[in-house]
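K.L.:
I would like to see how this sequence folds:
(chains A and B)
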Amino acid sequence: MTKLISQRAIASLLSLLGLLVLVFFLSRLTGDPAALFLPIDATEEMKAQFRAINGLDLPLIEQFGRYVWDFIHLDFGESLRKARPAIDVVLEAYAWTFPLALITMALVIVASIVLGALAAFNVGGFFDRLVSIVSLIGASAPDFWIAIVAIVIFSINLAWLPTSGVGTPWHWIMPIGVLFIRPFGLIVQVVRGSMLAALTAPYVKTARAKGVRNLPIIFVHTLRNAMLPVITVIGDQAAAMLNGAVIVETIFGFPGIGKLMIDSILQRDFNVVLAAIMVTAIAIFLMNILIDIAYGLLDPRIRH
Amino acid sequence: MSAQQRCSRLVTLQREVELIFKHVLVAALLASTAVAPAMAQSDTDITVVLSEELDLVEPCMATRSNIGRVIMQNISETLTELDVRGDTGLMPRLAESWEDKGDGTWQFKLREGVTFSDGSTFDAADVKHSFDRVFSEEMTCESARYFADTELTFNVVDDHTIDVKAEPAQPILPLLMSLVTIVPSETPMEFVRDPIGTGPYVMSDWTAGQQIVLTRRDDYWGEAPAVTSATYLFRSEPAVRAAMVETGEADIAPQITEVEATNPATDFTYPNSETVYLRIDQTVEPMGDLRVRKALNAAIDREAFIGTVLAAGTELATAMVPPTTLGWNPDLEPHPYDPEQAKAWLAEAEADGVNVKAPVEVIARTENFPHVTEVGEALVQMLNEVGFNASLRMVEVAEHEQYYSKPYPEGRPAQLVVAQHDNSRGDPVFSMYFKYHSEGTQSGVNDPKADELIEKATAATDAERAALWSELFAYVHDEIVADALLFHMVGHSRVSERLDFTPTIATNQQLQLAGIGFK
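P.N.:
Residues are numbered from 1 along each chain as shown, chains lettered A, B, ... in the order given. Below is the predicted model:
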């Protein structure tokens, strides 16, 4: 197991370096940040001055050398637009994205496993049909539409929740609710399918013959065996969430990493783009290692 | 398994699940009674919701509209102030009076008894330092562009008198003073995060990503404004901004869309000083031919856009600047829609060997203004109806800039750039050089008479200046048909009914809290 994890860590480190090189040069291909930082009628001298102050007038390879040197010293450079360290800007945003992703994924995992398992137990019944319909609607409804409709219903008509922002726990309900729907719809279907197969196994019949009650059969005996494909999908969905939720962040004014990344790309704020991609990549690599550990815990055959 | 067995299993399962849900429900009910969204604030505190967060709260960047809306005349003040909405013209602010001493020198008498929010006293040295910062090599301040070819020398006469010498002489120096904010002489030569100014408000909180709060100062030199504190929030979705005023979470939402502006009691529509036009690059065939440019103008049914894809209230443009600008020419008429005449002009040009069938790209920027794509599509349709070979290309802001500003790409086909230009500064000098002078960064014109008129008007004063600008407007619109001027746009804002505030053309650049009252 330790060997597996260390192998994974080395592979992750290599891809991280590859990513650094790729993003550095690709972002520079998009053009000159001075043209976007300064107004359209700025003089050529002003643009040249902006480039000189920010080291953008140096040969590209020298810029890269400096960047790598600073990067080794954990210095991600200054944000061109915000005149403060890029890493501060990114970590500030990540401090919002991370709890949002964590809470949402926790709710998604609990809800989809419980409901998916119960639906599989009663296949073709009313509850199964209900879960299937709800989850399919969830997986296919566009989130920007759900978000706007939620604001109209819960903020304007019912006046229960604030429209947007992050001041109180109440502000989190709608963003979490909207983010919840799509991965829930997807994972509940995977759980259901995987459980259907597992419930036909001979050991289930044995357990039932011994007089084990229904809930322990579902959640103790069968679920563990049905979890492997589910974990894979959960990992996929969690990675998407760690990347930020651009639409939810935009509509609810939630200061997360997704919108920051898009804005920085559009404004050619290279250092912020790089720092954001590095931080996100590290988060996703760490999560993948956790997923590997989870596989091992669930299935001893992988561990050995 | 038998139906009976199955049934009994389901009943047991149901009971087990019910028991669990009962606990969850009780817990949820307990939690929901605990708190309700609290949004209480003092009656004279207001909340403003803007469309984008500020990257910087730096006084020397206050001419960038999203920064200016928060800083300008709220935190930082300028020597002079332009009355954009009325006809008072240039008004004193930190300067009480000014005088042309001849030879390019202007003398400014500064207001006494003014203090910065850090307690220091405002004097002539602060004015000099503020300009030193603008021109500093160590930072890139936006307001420097207004003095691009002018060398300014500052001479502190006494604490409250300063001479400013401009080379070459700058007839509108007092007006340019309305664009540079004054900071204390201790301000470092780098972007600051805690702006200090002489204005009626001080920034008391800036939580990046969330809010900026301005609080009223007790020791402001002027009359105390009614608003005690203003919280700025940032939401990029216009529907959310409008909803926030509706639910009472915010009091002012500038920049909502026409679709949102449905409540006559709270929603205002007003000219926003933006002008939309088609920039013609005359160096590429067939746009160098006057008849082709005339045909292009006659092909566009401008009226058809208003009240359909563009908001009602939008006006037809005859100049690059809004009618509130010095020298605006009331005698100019928009080019009439006349497709038959347009076809005739094109046929005439073709007969003379002009390749009127050359491909023409109409380039527009996504999200430049509401319904820009529809406007672009309609324009292309109208051009093709009279015989142009036009197609539409929608691009991002960065790519748009490459086509809009010089140097233009080599080997390009004829390009018509849909662009929006904002001038609420009161004088055409901020527009005409860039758009029509042969050296102008976004100019597609290369005409000696236009160059001469621009240079003369820039150097002239008073009535002569107005007359020269007027002449230039007529020349580029009627004589050389330099571009296809289209619309003076309108903006929409939602204002809470508890406020006594009417947004105007000035709201695009600044939002003076002192101008807001309560009903």
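
K.L.:
what's the local residue count around the residue in chain A positioned nearest to chain B?
P.N.:
Checking chain A residue by residue against chain B with C-beta to the nearest C-beta singles out A:Pro255 as nearest, at 2.8 Å. All C-beta atoms are positioned from the backbone trio N, CA, C, and that covers glycine. Counted with other C-beta atoms under 10 Å in any protein chain shown, the neighbours of A:Pro255 add up to 21.

K.L.:
residue contacts, it?
P.N.:
Contacts for A:Pro255 (C-beta atoms under 8 Å, 6 or more residues apart in numbering or on different chains) come out as A:92-93, A:96, A:166, A:249, B:208-210.

K.L.:
how about A:Arg66, what does it touch?
P.N.:
Under the criterion of C-beta under 8 Å, 6+ apart, the contact partners of A:Arg66 comprise A:55, A:58.

K.L.:
make it 10 Å
P.N.:
Contact analysis of A:Arg66 by C-beta atoms under 10 Å, 6 or more residues apart in numbering or on different chains lists A:55, A:58, A:75, A:77.

K.L.:
so for the strand or helix carrying A:Asp292, what gets flagged as buried?
P.N.:
Secondary structure assigned from DSSP states H and E places A:Asp292 in helix A:270-298. Within helix A:270-298, the residues that qualify as buried are A:270-281, A:283-285, A:287-288, A:291-292, A:294-296, A:298, counting by 16 or more other C-beta atoms under 10 Å in any protein chain shown.

K.L.:
can you check stretch B:404-413 too?
P.N.:
Neighbour-count burial for stretch B:404-413 flags B:404-405, B:408 (criterion: 16+ other C-beta under 10 Å).

K.L.:
which of those residues come close to chain A?
P.N.:
B:404-405 (C-beta under 10 Å from any C-beta of the partner chain).

K.L.:
in its sheet, which strands sit next to the longest strand along chain B, and in what direction?
P.N.:
Taking DSSP state E as the criterion, chain B has its longest strand at strand B:267-280. Counting by DSSP bridges, the strands paired with strand B:267-280 are strand B:414-422 (antiparallel), strand B:484-495 (antiparallel).

K.L.:
continuing past the first one, what's the next helix or strand?
P.N.:
Later in the chain than strand B:414-422, the nearest helix or strand by DSSP H and E is helix B:429-436.

K.L.:
distance between that following helix and the chain's centre?
P.N.:
The gap between the average C-alpha position of helix B:429-436 and the chain average comes to 16 Å, counting by C-alpha atoms, centre = their mean, to the nearest Å.

K.L.:
kindly calculate the angle that that helix makes with strand B:414-422.
P.N.:
Orientation of helix B:429-436 against strand B:414-422 (axes from the mean of the first three to the mean of the last three C-alpha atoms, to 10 degrees) gives an angle of 180 degrees.

K.L.:
so the helix or strand that helix B:429-436 is followed by versus helix B:429-436, what angle?
P.N.:
Tracing the chain past helix B:429-436, the next element assigned as helix or strand by DSSP H and E is helix B:448-459. Direction vectors for helix B:448-459 and helix B:429-436, defined by the same axes, to 10 degrees, enclose an angle of 170 degrees.

K.L.:
which positions within helix B:448-459 qualify as buried?
P.N.:
Buried, per 16+ other C-beta under 10 Å, within helix B:448-459: B:450-451, B:453-454, B:457-459.

K.L.:
give the buried residues for whichever strand or helix holds A:Ile262.
P.N.:
With elements delineated by DSSP H and E, A:Ile262 resides in helix A:257-266, which encompasses its position. Of all the residues in helix A:257-266, those buried under the rule 16+ other C-beta under 10 Å are A:257-265.

K.L.:
what would those look like in JSON lines with pLDDT and distance to chain B?
P.N.:
As requested, these are arranged in JSON lines below (pLDDT from 0 to 100; distance: C-beta to the nearest C-beta, whole Å):
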{"residue": "A:Ile257", "pLDDT": "91", "distance to chain B": "10"}
{"residue": "A:Gly258", "pLDDT": "90", "distance to chain B": "12"}
{"residue": "A:Lys259", "pLDDT": "89", "distance to chain B": "8"}
{"residue": "A:Leu260", "pLDDT": "91", "distance to chain B": "8"}
{"residue": "A:Met261", "pLDDT": "91", "distance to chain B": "13"}
{"residue": "A:Ile262", "pLDDT": "89", "distance to chain B": "10"}
{"residue": "A:Asp263", "pLDDT": "88", "distance to chain B": "8"}
{"residue": "A:Ser264", "pLDDT": "91", "distance to chain B": "10"}
{"residue": "A:Ile265", "pLDDT": "88", "distance to chain B": "10"}
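
K.L.:
of those, which pair is most distant in space?
P.N.:
Maximum pairwise distance in those, criterion C-beta to C-beta, is 12.3 Å, between A:Ile257 and A:Ile265.

K.L.:
for these two, list the residues in contact with both.
P.N.:
Common neighbours of A:Ile257 and A:Ile265, using C-beta under 10 Å, 6+ apart, are A:276-277.

K.L.:
just the helices from the stretch 151-300 of chain A, written as ranges.
P.N.:
Per DSSP state H, counting those that start in this stretch, the stretch 151-300 of chain A carries helices over the ranges A:169-199, A:202-209, A:214-216, A:223-242, A:246-252, A:257-266, A:270-298, A:300-303.

K.L.:
worst average pLDDT in the ones you listed?
P.N.:
Across those, helix A:300-303 has the smallest mean pLDDT, namely a mean of 74.
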